[in-house]
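Novice: Show me the folded form of this:
(2 chains)
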There are 2 protein chains.
Amino acid sequence: MTYNVPDSHPRKNSLERRYKLEEASSKGLLAGTAMIAHGRGEAFDYLLGEKTIPIANEATIQAAIMLKSAVRPIISVNGNTSILAGEELVGCAALLSCPIEVNIYYRTPERISGLVAYLEKCKKIVSIKPPENWKRSPLEWEEAVNNVLILGTFADGLIPGLNGPRAICDVNGILASDTILVPLEDGDRCEALVKMGLKVIVVDLNPLSRSSLMSTITVVDDVTRFSNNLQNNLLNFQRLKRKNWDNKESLQIALDTINNNLQSSIK
Amino acid sequence: MTYNVPDSHPRKNSLERRYKLEEASSKGLLAGTAMIAHGRGEAFDYLLGEKTIPIANEATIQAAIMLKSAVRPIISVNGNTSILAGEELVGCAALLSCPIEVNIYYRTPERISGLVAYLEKCKKIVSIKPPENWKRSPLEWEEAVNNVLILGTFADGLIPGLNGPRAICDVNGILASDTILVPLEDGDRCEALVKMGLKVIVVDLNPLSRSSLMSTITVVDDVTRFSNNLQNNLLNFQRLKRKNWDNKESLQIALDTINNNLQSSIK
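Specialist: Numbering: from 1, shown residues only, chains lettered A, B, ... in the order given. Okay, here's the model as predicted:
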């Protein structure tokens, strides 16, 4: 099924993202309930005003600093993250010289390899167009992108404290990392990663979710907007200022924003 | 894929509903983005505390009175409503002696006939078990359920003011009705139904949606809980008290409930 959303449509962006997920779903890349999760996110994004709020911007800056300062950073992606922000996160991984690991909750070999192939395609697309603020040569960008490893296919490790296939991860990926960016993470797995001693950065539109409450830094933002924003911050890394980060306090600010938006009330 | 959700799981109910939709989706009964819509609903339900709030209960009572007082009531269902509340709404239609019309946004003959067949199956299931408060004989119940017409397959009319297949409806169904219960309705179509002069009852978990703001009565509740509740109210119709209904005021109360729940805040 093809959809043509006219440019004038007020929700064009949101609708096109839906169709992207729908297409990926029909190709078997997403778990059956992935779209439900996206819908939950849409509702919270709607309550946030469908834009990056200031505290999310600040969280993204601190996340950029934390990832840049890490010894072995890694970006862990699930199906929705791959589809909605694959290209942007490939760019971030190139700037961080770190791998991306596909890590899905309802793991099947077909979906893992489908998503890995999808991200390899993202690499091809991203490698030929350096970002605007890239100061070095196009060839160096291409090389940086080509060097991004997409892990997940031959995962042979286990995240301690989790049962079943969702525990599977790469010994040279998540298990070897000290800082993990893991957008849209499930609460259980987020908790297990924190218990492993990792610094955990999640992106979650619900400031009250277990993942949000548990992480080192929670970015209450849409994953595509966040990934774009992170890439820009990584490109301008020199200018970023580290702050003491109180994650609970920042979640409270995000929650207050939602509350204020809701106060606008029925006309 | 089969899922066994243990009875102890705090979100058993919610997860089982997801799998029900997932199954229907894999059978081609739902539009690709139906699950996204469900996810949005889930988020709002979460903010409502996943229970029927008092103002939604009152709205359901007034909806029961409005439907009982109508000359030609009708229940219009889309894919998600059919899957999540098919049996309950068949029971309501039996109590109202009214038809159910399948009316979907992304209309295909396969999906329409699939949903009609699904609701016919619901009729079989419902017809053999009268509700607890049914005062007449089981045979009379069976007859009432069997008499419920499931319309939609041979729809030959158009809702004025709408373009494309989503305007299609039944001349002897929606076009002939004076009061319509249309859970989970799209804003555009809701507006068109109101403009036709119909009394419109919607069920919508988002008190700020266009459908919510436009309807005669908006029930801010989950569609399954609502349908159960409506059936019980229709069975106890004699005891219900009519009230003047200010829909905007009731939406404000629902919104205040969400706000209060959010105030509980980050611990």
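Novice: use CA for all of it now, contacts and neighbours both
Specialist: OK.
Novice: could you show me where the helices are in the stretch 51-200 of chain A, in order?
Specialist: Per DSSP state H, counting those that start in this stretch, the stretch 51-200 of chain A carries helices over the ranges A:54-69, A:79-96, A:109-127, A:138-146, A:187-195.
Novice: deepest of these, which one?
Specialist: Among the helices of the stretch 51-200 of chain A, the stretch with the highest mean neighbour count (mean count of other CA atoms under 10 Å in any protein chain shown) is helix A:79-96, at a mean of 24.
Novice: I'd like the next helix or strand past the worst-scoring helix or strand of chain A on mean pLDDT.
Specialist: Scoring the helices and strands of chain A by mean pLDDT, DSSP states H and E places helix A:12-26 at the bottom, with a mean of 85. Once helix A:12-26 ends, the next helix or strand along the chain (criterion: DSSP states H and E) is helix A:34-47.
Novice: Could you list the contact residues of the stretch 1-150 of chain A toward chain B?
Specialist: Within reach of chain B by CA under 8 Å from any CA of the partner chain, the stretch 1-150 of chain A has these residues: A:18-19, A:22, A:32-33, A:35-44.
Novice: List the contacts of the most centrally placed residue in chain A.
Specialist: In chain A, the C-alpha nearest the mean C-alpha coordinate belongs to A:P183, at 3.4 Å (CA atoms, centre = their mean). Counting by CA atoms under 8 Å, 6 or more residues apart in numbering or on different chains, A:P183 touches A:S76, A:V77, A:T81, A:I201, A:V202, A:V203, A:D204, A:V223.
Novice: Could you list which of those residues belong to strands?
Specialist: Taking DSSP state E, the ones among these that sit in strands are A:S76, A:V77, A:I201, A:V202, A:V203.
Novice: who wins for most neighbours among these?
Specialist: Neighbour tally across these (other CA atoms under 10 Å in any protein chain shown): the maximum, 30 neighbours, falls on A:I201.
Novice: Please verify my assumption that that one contacts A:S215.
Specialist: Yes. Counting by CA atoms under 8 Å, A:I201 touches A:S215, with 6.1 Å between them.
Novice: Now do the residue in the stretch 51-200 of chain A that chain B sits nearest to, the pLDDT please.
Specialist: At 10.2 Å from chain B, A:Y106 is the closest residue in the stretch 51-200 of chain A, using CA to the nearest CA. Listed pLDDT for A:Y106 reads 81.
Novice: next one: A:L29
Specialist: In this prediction, A:L29 has a pLDDT value of 92.
Novice: and if you look at the one 5 residues further on?
Specialist: The pLDDT attached to A:A34 in the predicted structure is 88.
Novice: Then A:L175?
Specialist: Listed pLDDT for A:L175 reads 93.
Novice: Neighbours of it, how many?
Specialist: Residues near A:L175, counting by other CA under 10 Å: 18.
Novice: repeat for A:T218
Specialist: Using other CA under 10 Å, the number of residues around A:T218 comes to 28.
Novice: any weak-confidence spans in chain A?
Specialist: A:1-6, A:8-10, A:264-267 (pLDDT under 70).
Novice: Excluding sequence neighbours, find me the nearest residue to A:L48.
Specialist: A:I258 (5.4 Å; CA to CA, 6 or more residues apart in numbering or on different chains).
Novice: Name the SS class of that neighbour, please.
Specialist: Recorded secondary structure, A:I258: helix (DSSP: H, G, I helix; E, B strand; the rest coil).
Novice: Hmm, it is touching A:Y46, no?
Specialist: No. If you go by CA under 8 Å, A:I258 and A:Y46 don't touch, sitting 9.1 Å apart.
Novice: higher neighbour count, those two?
Specialist: Of the pair A:I258 and A:Y46, A:I258 is the one with more neighbours under other CA under 10 Å, namely 21 against 14.
Novice: Kindly provide the distance from the more buried one to A:V102.
Specialist: Separation of A:I258 from A:V102 (CA to CA, to the nearest Å): 31 Å.
Novice: go on, A:P54?
Specialist: 30 Å.
Novice: thinking again about what came up before, the helices of the stretch 51-200 of chain A: which one's closest to B:V90?
Specialist: Closest approach to B:V90 among the helices of the stretch 51-200 of chain A (CA to CA): helix A:79-96, 36.0 Å.
Novice: tell me what that closest one is packed against?
Specialist: Here helix A:79-96 touches helix A:12-26, helix A:34-47, strand A:73-77, strand A:100-102, helix A:109-127, helix A:138-146, helix A:223-235, going by 3 or more CA pairs under 8 Å, 6 or more residues apart in numbering or on different chains; DSSP states H and E.
Novice: quick one, the longest one and helix A:79-96 angle?
Specialist: In this structure, helix A:109-127 runs at an angle of 40 degrees to helix A:79-96, with axes from the mean of the first three to the mean of the last three CA atoms, to 10 degrees as the basis.
Novice: The third one now?
Specialist: With the same axes, to 10 degrees as the criterion, the two stretches strand A:73-77 and helix A:79-96 enclose an angle of 160 degrees.
Novice: Strand A:73-77 to helix A:54-69, inter-axis angle?
Specialist: Using the same axes, to 10 degrees: strand A:73-77 against helix A:54-69 is 130 degrees.
Novice: Give me the contacts around strand A:73-77.
Specialist: A:67, A:89, A:93, A:96, A:98-104, A:173-174, A:177-183.
Novice: I'd like to know how far A:N247 sits from B:V220.
Specialist: Counting by CA to CA - A:N247 and B:V220 are separated by 33 Å.
Novice: neighbour count winner among these two?
Specialist: B:V220 (28 against 18).
Novice: The more buried one against B:L205, yeah?
Specialist: Yes. Contact criterion CA under 8 Å: B:V220 and B:L205 qualify, at 4.8 Å.
Novice: Now the common contact residues for the two.
Specialist: Among the neighbours of B:V220, none is also in contact with B:L205 (CA under 8 Å, 6+ apart).
Novice: A:Q263: what's its closest spatial neighbour, skipping adjacent residues?
Specialist: B:N259 (7.8 Å).
Novice: Also A:G49?
Specialist: A:N261 (7.4 Å).
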